[in-house]
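A.B. asks: Need a 3D model of the sequence below.
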Amino acid sequence: MPVVNRIANYTEEMKTWRQDLHQIPELALDLPKTAAYVAARLREFGVDELHEGLATSGMVAIINGRDGGSKEQPAIGLRADMDALPIPEETGVDYVSGHPGNMHACGHDGHTTMLLGAAKYLAETRNFSGRVALIFQPAEETIGGARIMVEEGLMERFNIGEVFALHNAPGLPAGAFMTNPGALMAAVDTFHIHIQGVGGHGAMPHEARDPVMAACGIAQAIQTIVSRNHYALDDLVVSVTQIHTGTVDNVIPDTAYINGTVRTFDPRVQDMVMRRMKEIVAGQAASYGVEAELDYEVGYPATINDPDKASFACEVAAEIAGPDQVEPEGGREMGAEDFSYMLQARPGAYLFLGQGESAGLHHPKYDFNDEISPVGASFFARLVERAQPLG
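C.D. replies: Just a heads-up that it's a prediction; the model follows:
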């Protein structure tokens, strides 16, 4: 794989960073060991500024270009997520998680390593003008650390004019890139439905108001939102993922609970789903003689690339991996990503970097492919040099 020569020399060092990070997986906003490790490396590299404590454990490192980096000139932002997942690890690697029950099952240890590799190179060479803001973000997997950082004034405080990020992709050839102009990943919402009936003996259902039957009716009726209420060419997923109720075979319970996810791209479709779900829950509850409450949580918005920034990022990716290893119009998918908040605040692009054949993301046997770290670091570094050239 063609990579920047100096970054290629960091390969073993980057492998060490990644495997060190793999052993200290932490969750959500509370990443003290991870943040301390990243901050120590950045200080070793000689970044010009290091701002810690954003969104609790996030940080921004500023590196000035060879011309000194005017603060009036907008900086280019590069983001890596740092948090892990509450999944027991089953990889069997020598550097297995030292925090039982937590693991880096999505490759954020690798994302952080790639941005650290770019930081080391950019701080050494400074072969660019202006400034680069390296964003190390917590809580991508949970409450949206990107949203919190944006709300805290990330873009304004560091005068960030554009922003880019990478995510590894199992199944995509190692070192290949893929993205899409415009919509890339869906908005994600969550629904909770709490049903209150009247329990009773299983042999005497006429004396009860059965929440089990109501739950079945609601779960089935919700599926008609996709099949009958939306235009078939508008992407939409409504999935019921949990139903909890009952304790034993001869007792009709008092309550039932339904949970699931909604994925959309168009806010109008999202609004329709919310309206129809309220109507269905209320109508089904009335028909079964129970009470039902819908709690609909609006989550991460859709991840929308700026077409021009995506095109530029693909040009840079082609320099690193070769044109035949870059798919600039790879289509969109129904997964979600909180980098969407940063793309709402500033133009930019999000790309997938091939991990090769491996266990899937969020799988207990997943492990990041260290061979692609120099590729991602080279992409970030060349992105800065191309976007903000000297002279």
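A.B. asks: Now the lowest-mean-pLDDT helix or strand in the chain: buried residues?
C.D. replies: Here the helix or strand of the chain ranked lowest by mean pLDDT, DSSP states H and E is helix 5-8, holding a mean of 94. Neighbour-count burial for helix 5-8 flags 6-7 (criterion: 16 or more other CB atoms under 10 Å). No exception for glycine: its C-beta is placed from N, CA and C like everyone else's.
A.B. asks: same deal with stretch 63-81?
C.D. replies: 63-65, 69, 74-81.
A.B. asks: is Glu49 in a bridge, and if so with what?
C.D. replies: Beta-bridge pairing for Glu49 (DSSP bridges): Ile62.
A.B. asks: ugh, typo on my part, it should be Ala133
C.D. replies: Ile62, Gly77.
A.B. asks: the helices in the stretch 151-300 of the chain, which residues?
C.D. replies: With DSSP state H, counting those that start in this stretch as the criterion, the stretch 151-300 of the chain has helices at 154-157, 211-222, 224-228, 267-288.
A.B. asks: what helix or strand is the most centrally placed residue in the chain on?
C.D. replies: Taking CA atoms, centre = their mean as the criterion, Glu337 is the residue nearest the geometric centre of the chain, at 3.3 Å. Here Glu337, judged by DSSP states H and E, is contained in no helix and no strand.
A.B. asks: measure it to Leu351 for me?
C.D. replies: 12 Å (CB to CB, to the nearest Å).
A.B. asks: what do these two both touch?
C.D. replies: Residues touching both Glu337 and Leu351 (CB atoms under 8 Å, 6 or more residues apart in numbering): His167.
A.B. asks: Tell me which residues touch Glu90, please.
C.D. replies: Applying CB under 8 Å, 6+ apart to Glu90 gives the contacts 364-365.
A.B. asks: my guess is it is in a helix, correct?
C.D. replies: No. Checked against DSSP: H, G, I helix; E, B strand; the rest coil, Glu90 lies outside a helix; its state is coil.
A.B. asks: for it, phi and psi?
C.D. replies: phi -130, psi 30 (degrees, to the nearest 10).
A.B. asks: Next one: it from Glu371, what distance?
C.D. replies: Glu90 is 22 Å from Glu371, where distance means CB to CB.
A.B. asks: can you check His362 too?
C.D. replies: From His362 to Glu371 the distance is 21 Å (CB to CB).
A.B. asks: rewinding a little: for the least confident helix or strand of the chain, which helices and strands make contact with it?
C.D. replies: helix 108-125, helix 373-387 (3 or more CB pairs under 8 Å, 6 or more residues apart in numbering; DSSP states H and E).
A.B. asks: Which strands and helices lie in contact with the first one?
C.D. replies: Think helix 108-125. Secondary elements touching helix 108-125 (3+ CB pairs under 8 Å, 6+ apart): helix 5-8, helix 11-22, helix 32-45, strand 58-64, strand 75-81, strand 131-137, strand 160-170, helix 373-387.
A.B. asks: Find the one among those with the highest mean neighbour count.
C.D. replies: Counting by mean count of other CB atoms under 10 Å, strand 131-137 has the highest mean neighbour count of the helices and strands packed on helix 108-125, with a mean of 28.
A.B. asks: Off-centre distance for that strand?
C.D. replies: Its chain's average C-alpha position is 17 Å from that of strand 131-137, according to CA atoms, centre = their mean, to the nearest Å.
A.B. asks: which intervals of this structure have sub-threshold pLDDT?
C.D. replies: 1-2 (pLDDT under 70).
A.B. asks: Do a quick rundown of the strands in the stretch 251-391 of the chain.
C.D. replies: For the stretch 251-391 of the chain, strands defined by DSSP state E, counting those that start in this stretch occupy the ranges 251-252, 255-264, 291-298, 303-304, 326-327, 348-356.
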